[in-house]
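Peer 1: No letters, just coordinates:
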């Protein structure tokens with residue numbers, strides 16, 4: 001399952017490394033708090049070169065993390081992993097532009113509502129005060 005998680009970085013755990021049959025490996029877990037009405041904390045694993053992507057993120061930064069979620073069985077128990085494959089810093093400039101756009105639309109003067117004389121009276125089929 002592939003999913004995008006939007007949240008803020010609240011904690012980085014220590015880097016772990018080791019040696020497997022395929023060679024050396026390293027990974028680092030990070031805790032992301034989602035930005036929603038009821039925020040959730042999610043532990044996401046960053047493997048190999050993705051650790052360097054995590055190093056660019058500061059605590060409290062709003063980020064979007066694309067993850068793979070997978071469960072696997074070992075010795076009769078199931079384990080679920082959430083592995084990052086892409087990290088993007090949220091574009092605060094885009095958010096500021098959206099905010100300024102909504103503010104400018106709030107500044108638009110109210111257009112006066114039409115009066116009943118500006119419409120066709122359906123009962124008599126007469127046209128009143130239409131400019132065309």
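Peer 2: Happy to help now that I have it. Just so we're clear, the structure is a prediction, and the values are computed from it rather than from any experiment.
Peer 1: The protein: strands as residue ranges?
Peer 2: Assigned by DSSP state E, the chain shows strands spanning 2-20, 23-34, 41-47, 62-74, 77-89, 120-121, 126-127.
Peer 1: The fourth one packs against which elements?
Peer 2: Yep, that's strand 62-74 we're talking about. Using 3 or more Cβ pairs under 8 Å, 6 or more residues apart in numbering; DSSP states H and E, the elements in contact with strand 62-74 are strand 2-20, strand 77-89. Every C-beta, even on glycine, is put in place using the N, C-alpha and C of the backbone.
Peer 1: now with 10 Å?
Peer 2: The contact analysis (3 or more Cβ pairs under 10 Å, 6 or more residues apart in numbering; DSSP states H and E) places strand 62-74 against strand 2-20, strand 23-34, strand 41-47, helix 50-55, strand 77-89.
Peer 1: what would the ones you listed look like in TSV with distance to residue 70?
Peer 2: Formatted as TSV, the helices and strands packed on strand 62-74 follow (distance: least, Cβ to Cβ, whole Å):
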stretch	distance to residue 70
strand 2-20	10
strand 23-34	15
strand 41-47	11
helix 50-55	15
strand 77-89	6
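Peer 1: So which of these is nearest residue 62?
Peer 2: For residue 62, the closest of the helices and strands packed on strand 62-74 is strand 2-20, at 5.3 Å, according to Cβ to Cβ.
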